[in-house]
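J.: Fold the stuff below for me.
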Amino acid sequence: MNISTRQLRAFVAAAKHQHFTRAAKEMCLSQPAFSALIKTLEEDLGAQLFARSTRKVELTPFGRLFQTFAQQSLLETDTALRNLQDYASGRIGRVHVAALPSIAANWLPSVFAQFRQDFPAVTVGLKDRMSENCIALLADGEIDLALATASHYSVELEREFLWRDGFHLICPKDHPLARQSEPITLDHIAAYPLINFVRFSSIRQSLDASFGERRVNTVLELEHLATVGAMVERNLGVSLVPSLTLYQFDSPALAVRPLCEPSLYRNIYIFRRKNRNLTFPAKALYDLVLKHVRDLGAAGES
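T.: You can find the predicted model right below:
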């Protein structure tokens, strides 16, 4: 049995009007075409739905039973179609993002807030992870977008450059480097105990590459920025951190100094899967990230 939604709508219209001509007008059909549609439905069901007279039509007992089925079926169909249309237009759905913690805590909340205003019914999932983990999640298809820094990544991924993140020195207010008048270099920093980052972090990888053959006195290897700040405050060492993380070190006990090392930086990218169309909400968030970065650059804050 193959009953169409058009047949169901015709039946519901006839049951409502109890008149084929008025029901046919609602369906934008001629009266003969409408009658043929109802007749085909009755033949498909093998039962009469209406008792006809010259003035009106009435539901048969079987027709009354079928009315409940028809109304429920149309309700479910219309609801499903609306949901599909909402999903296709980006009004509902879900976007999964992974980002470096420094990005997730710095400017990404502003992007998410704007996205929620634009797409209030779309849910955004966020994983704040180290770069390698962000890239792995994207490669495995667990997320839609990754905001990370990486020189090596799967050929199945593509990236777009966002900005170059420079480094700053963090030290106690009374530290000799805080009072130094000449530009601070890696040679200056190598003379002091260094609070470094764990080896799998993008910060550590950038630092190791820049220090090169210099002998570095690493006294601690830490993962969390708050811990780094607390240790520096206690004068256990100095540290080098990216510009994106400076909000973590806003303390009267700490000095923040720019580093005169043009070669020390990390590039931040937005990654997506290659040759895979983003969903409408994911594409909207992707575009919003690019716009936000352009606006920051125009304001001189990148």
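
J.: how close does Val228 sit to Asp250?
T.: In this view, Val228 and Asp250 are 14 Å apart by C-beta to C-beta, to the nearest Å. Where you see a C-beta, it was placed from the backbone N, CA and C, and this is true even at glycine.

J.: Oops, could you answer that again for Lys25 instead?
T.: Plainly put, Lys25 is 71 Å away from Asp250 if you go by C-beta to C-beta.

J.: same thing with Asn275?
T.: 43 Å.

J.: So for these two, which sits in the more crowded spot?
T.: Set side by side, Asn275 and Asp250 show more neighbours around Asp250, with 9 against 6, by other C-beta atoms under 10 Å.

J.: got the contact list for the residue nearest to Phe271 when sequence neighbours are not counted?
T.: Leaving aside its chain neighbours, Phe271 sits nearest to Ala146 (4.1 Å; criterion: C-beta to C-beta, 6 or more residues apart in numbering). Listed by C-beta atoms under 8 Å, 6 or more residues apart in numbering, the contact set of Ala146 reads Val97, Ala98, Ala99, Cys134, Ile135, Leu137, Leu138, Ile270, Phe271, Arg272.

J.: part of a strand, is Ala146?
T.: Yes. Counting by DSSP: H, G, I helix; E, B strand; the rest coil, Ala146 is part of a strand.

J.: Show me what it is bridged to.
T.: As for beta bridges, Ala146 partners with Ala98, Phe271 under DSSP bridges.

J.: Could you measure from it over to Ile203?
T.: Applying C-beta to C-beta, the value for Ala146 to Ile203 is 17 Å.

J.: number of nearby residues for the residue nearest to Thr21 when sequence neighbours are not counted?
T.: Computed as C-beta to C-beta, 6+ apart, the closest residue to Thr21 that is not its neighbour in sequence is Gln31, at 5.1 Å. Per other C-beta under 10 Å, the neighbour tally for Gln31 reads 13.

J.: Pull the contacting residues for Gln31.
T.: Applying C-beta under 8 Å, 6+ apart, we find Gln31 in contact with Phe20, Thr21, Ala24.

J.: In PyMOL, select just the buried ones from those residues.
T.: In PyMOL, this line selects whichever of those come out buried by 16 or more other C-beta atoms under 10 Å:
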select buried, resi 20+24
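
J.: can you give me the strands for the protein?
T.: Secondary structure of the chain, counting by DSSP state E: strands at 50-52, 57-59, 93-99, 122-128, 145-148, 157-172, 194-197, 218-222, 239-242, 254-258, 265-273.

J.: May I see the ones you listed arranged in a markdown table, with mean pLDDT and distance to Trp107 as well?
T.: A markdown table is the format used below for the strands of the chain (pLDDT from 0 to 100; distance: least, C-beta to C-beta, whole Å):
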| stretch | mean pLDDT | distance to Trp107 |
| --- | --- | --- |
| strand 50-52 | 89 | 65 |
| strand 57-59 | 91 | 63 |
| strand 93-99 | 93 | 10 |
| strand 122-128 | 93 | 13 |
| strand 145-148 | 96 | 10 |
| strand 157-172 | 95 | 11 |
| strand 194-197 | 97 | 21 |
| strand 218-222 | 96 | 23 |
| strand 239-242 | 96 | 13 |
| strand 254-258 | 96 | 18 |
| strand 265-273 | 95 | 11 |
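
J.: To Leu296, which of the ones you listed lies closest?
T.: In terms of C-beta to C-beta, the element of those nearest to Leu296 is strand 157-172, at 7.6 Å.

J.: what about the closest one, distance to the chain center?
T.: For strand 157-172, the separation from the chain centroid amounts to 21 Å (computed by C-alpha atoms, centre = their mean, to the nearest Å).

J.: start at 67 instead
T.: Okay, residue one is now 67; in that scheme the one you just asked about reads as strand 223-238.

J.: one step back: quick one, which of the strands of the chain is nearest to Ala348?
T.: strand 159-165 (4.8 Å).

J.: Could you give me the buried positions within the closest one?
T.: For strand 159-165, the neighbour count (16+ other C-beta under 10 Å) marks Gly159, Val161, His162, Val163, Ala164, Ala165 as buried.

J.: Next: stretch 170-183.
T.: By neighbour count on 16+ other C-beta under 10 Å, the buried set for stretch 170-183 is Ala170, Ala171, Asn172, Trp173, Leu174, Val177, Phe178, Phe181.

J.: Also stretch 275-286?
T.: Buried positions in stretch 275-286, judged by neighbour count with 16+ other C-beta under 10 Å: Ser276, Phe277, Val282, Leu286.
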